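1. Prediction below, plus the sequence it came from.
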Amino acid sequence: ILGGILMTEQDKEIAIQTIKDILHVLHEKRYADLPSCVDEMDWEDTEEIRECIQGTLDMNGFDAFDEYDVSCNFHPQYEYHHEVEFYEKSPEGFEAEYELTSGGELVDLCLQLRFLYSEGKVKRIFHMIDPM
């Protein structure tokens, strides 16, 4: 894209580290700590987040969300690659999505983050955890 800023490997590393931090907090059910993982929260109500996603876990008989890179028990295995999906939104930044799992099973929730280029830095924004 002419004149746009393209996502770098460093940007991807920032995004993946942010996702790891969020998943760690979710795994430990420390929902009030979510804002400390990012620079800004689009969805600010951590109690509402807790109710929403803990409700999904409870409804489906799951205990806790998995940390990043936990091996999955999907059958067949190749259908899910447990990776971050990136979407370029040049020139302003990019978005990242990550499908949450519990006990190696998909829980039909997708973590959505936005990353904006701002003053030479990447601003990390918690956007949403969305039902799939």
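-> Happy to help now that I have it. Numbers count the residues shown, from 1 in each chain.
2. which residue is nearest the centroid of the protein?
-> residue 111 (3.6 Å; CA atoms, centre = their mean).
3. Residue 132 is in contact with that one, correct?
-> No. Counting by CB atoms under 8 Å, residue 111 stays clear of residue 132, with 11.0 Å between them. In short, each C-beta sits where N, CA and C put it, glycine included.
4. Now for those two: what residues contact both?
-> residue 99 (CB atoms under 8 Å, 6 or more residues apart in numbering).
5. all helices of this structure, in order?
-> For the chain, the helices defined by DSSP state H occupy 9-27, 46-59.
6. residues in contact with stretch 98-106?
-> Residues contacting stretch 98-106 (CB under 8 Å, 6+ apart): 19, 23, 26, 53, 57, 60, 62-66, 70-74, 80, 82, 84-85, 107, 109-111, 113, 129, 132.
7. change it to 7 Å
-> For stretch 98-106, contacts defined as CB atoms under 7 Å, 6 or more residues apart in numbering pick out 19, 57, 62-66, 70-73, 80, 84, 107, 109-111.
8. Then stretch 117-129?
-> Residues outside stretch 117-129 that contact it (CB under 7 Å, 6+ apart): 5, 11, 14, 18, 34, 38-43, 49, 52-53, 92-93, 109-116.
9. Just the buried residues of those residues.
-> 11, 14, 18, 34, 38, 43, 49, 52-53, 93, 109-116 (16 or more other CB atoms under 10 Å).
10. Start and end of stretch 59-70, how far apart?
-> Terminal residues of stretch 59-70 lie 22 Å apart, using CA to CA, to the nearest Å.
11. picking up where we left off before, which of the helices of the chain is buried the deepest?
-> The highest average neighbour count among the helices of the chain, using mean count of other CB atoms under 10 Å, belongs to helix 9-27 at a mean of 17.
12. chain center to that helix, what's the gap?
-> Computed by CA atoms, centre = their mean, to the nearest Å, the chain-centroid distance of helix 9-27 equals 7 Å.
13. Check stretch 102-110 too.
-> Offset of stretch 102-110 from its chain centre (CA atoms, centre = their mean): 12 Å.
14. which parts of it are buried?
-> 102, 106-107, 109-110.
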